[in-house]
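Q: test case, fold it:
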Amino acid sequence: MVDPTSGRQGRGAIPHGAIRQMADGPDAALLADYPRRNPQGWSPRNMKPKLSRATWLLILSVPVLSAGMLGIDMIIEGTVPRLAEFALDFAEKCFLFGSMVLIAMMVGRVDTLEADSVALRRDLALATQAGEAWRQQSRKLMQGLSDAITQQFDRWNLSPAEADVAGLMLKGLSLREIAGLRQSSEATVRQQAQNVYRKSGLANRAELSAYFLEDLFAVAGSGLSPDAENGAVTN
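A: As a prediction, this is how the structure comes out:
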């Protein structure tokens, strides 16, 4: 941690990368691997049925097979039916072969839907597991940050009241709001805040916040580029 008053590494400061180590865990690989395994994620658009070349060939084969069967019947019977009879026979055979093709397509579609359902359940389970891993890491990160802040308050020899006031200031509360929560006067809270600045060597609330948030911002920014990650570890 860089001391805002001197621009150098403070003796009692939280070292760079310490918060990052708190976030590392056995589930980190799962969080990193999920986007790679699911680059597009699930979408109803991905479930849109598409007719393959084999399906089109089956559909086009219906009239061809019907005409072929009619030709065989004409050869066997040795007669040429009238146009109405020919059309009726052709329609019957188209219906017969069409029904067979439709049943085959439905069976294939059911198999495809079953495979898609299995893949969807797997992706949902993976997403749920990744979300739970992220929540666990987030809780570990915040708990580690809280512990690190408490240890730094101890290094500064802050009293319990001063540490409480410093923690509430880090949360963004005004001195008046802190006084209301602690049921004390605003002047007392202001004096305790001054004691925090004096013992820490910091000038104001902004430097107090920057002192602890620098590592947190470094961890958040490290996900944007590999260079940022290397910088957070080597500093």
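
Q: what packs against the helix of greatest length in the chain?
A: Longest helix of the chain, by residue count under DSSP state H: helix 83-155. Helix 83-155 is packed against helix 18-23, helix 28-37, helix 53-77, helix 160-170, helix 205-221, with contacts defined by 3 or more C-beta pairs under 8 Å, 6 or more residues apart in numbering; DSSP states H and E. C-beta here means a position set from N, CA and C on the backbone, and glycine is covered the same way.

Q: one more time with 10 Å
A: Contacts defined by 3 or more C-beta pairs under 10 Å, 6 or more residues apart in numbering; DSSP states H and E place helix 83-155 against helix 18-23, helix 28-37, helix 53-77, helix 160-170, helix 186-200, helix 205-221.

Q: can you list the domains in the chain?
A: What automatic domain parsing lists as the domains of the chain is 22-39+51-141, 156-235.

Q: mean pLDDT for these - can I get that in TSV?
A: TSV is the format used below for the domains of the chain (pLDDT from 0 to 100):
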stretch	mean pLDDT
domain 22-39+51-141	71
domain 156-235	79
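
Q: of those domains, which stretch is the most buried?
A: domain 156-235 (a mean of 15; mean count of other C-beta atoms under 10 Å).

Q: export the domains of the chain as JSON lines, with columns for distance to Thr150.
A: Formatted as JSON lines, those follow (distance: least, C-beta to C-beta, whole Å):
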{"stretch": "domain 22-39+51-141", "distance to Thr150": "14"}
{"stretch": "domain 156-235", "distance to Thr150": "7"}
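
Q: the closest residue to Met169 other than its chain neighbours and Arg82, how far apart?
A: Nearest residue to Met169 in three dimensions, chain neighbours excluded: Arg205, at 5.5 Å (C-beta to C-beta, 6 or more residues apart in numbering). In this view, Arg205 and Arg82 are 100 Å apart by C-beta to C-beta, to the nearest Å.

Q: check the secondary structure at Leu158 for me.
A: Under DSSP: H, G, I helix; E, B strand; the rest coil, Leu158 falls in the coil class.

Q: let me see the backbone angles for it.
A: Torsion angles at Leu158 (phi, psi; degrees, to the nearest 10) stand at phi -80, psi 140.

Q: right, and it touches Leu208 too?
A: No: between Leu158 and Leu208 there is no contact, the gap being 11.4 Å when judged by C-beta atoms under 10 Å.

Q: list the residues that contact both of those two?
A: Ala166, Val196, Ser200 (C-beta atoms under 10 Å, 6 or more residues apart in numbering).

Q: save those residues as CSV, and put in distance to Leu175 too.
A: CSV is the format used below for the shared contacts of Leu158 and Leu208 (distance: C-beta to C-beta, whole Å):
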residue, distance to Leu175
Ala166, 12
Val196, 12
Ser200, 17
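
Q: hang on, isn't Leu208 packed against Lys199?
A: No: at 11.1 Å, Leu208 and Lys199 do not qualify as touching, with contact defined as C-beta under 10 Å.

Q: and the longest helix of the chain with helix 186-200, angle?
A: 80 degrees (axes from the mean of the first three to the mean of the last three C-alpha atoms, to 10 degrees).
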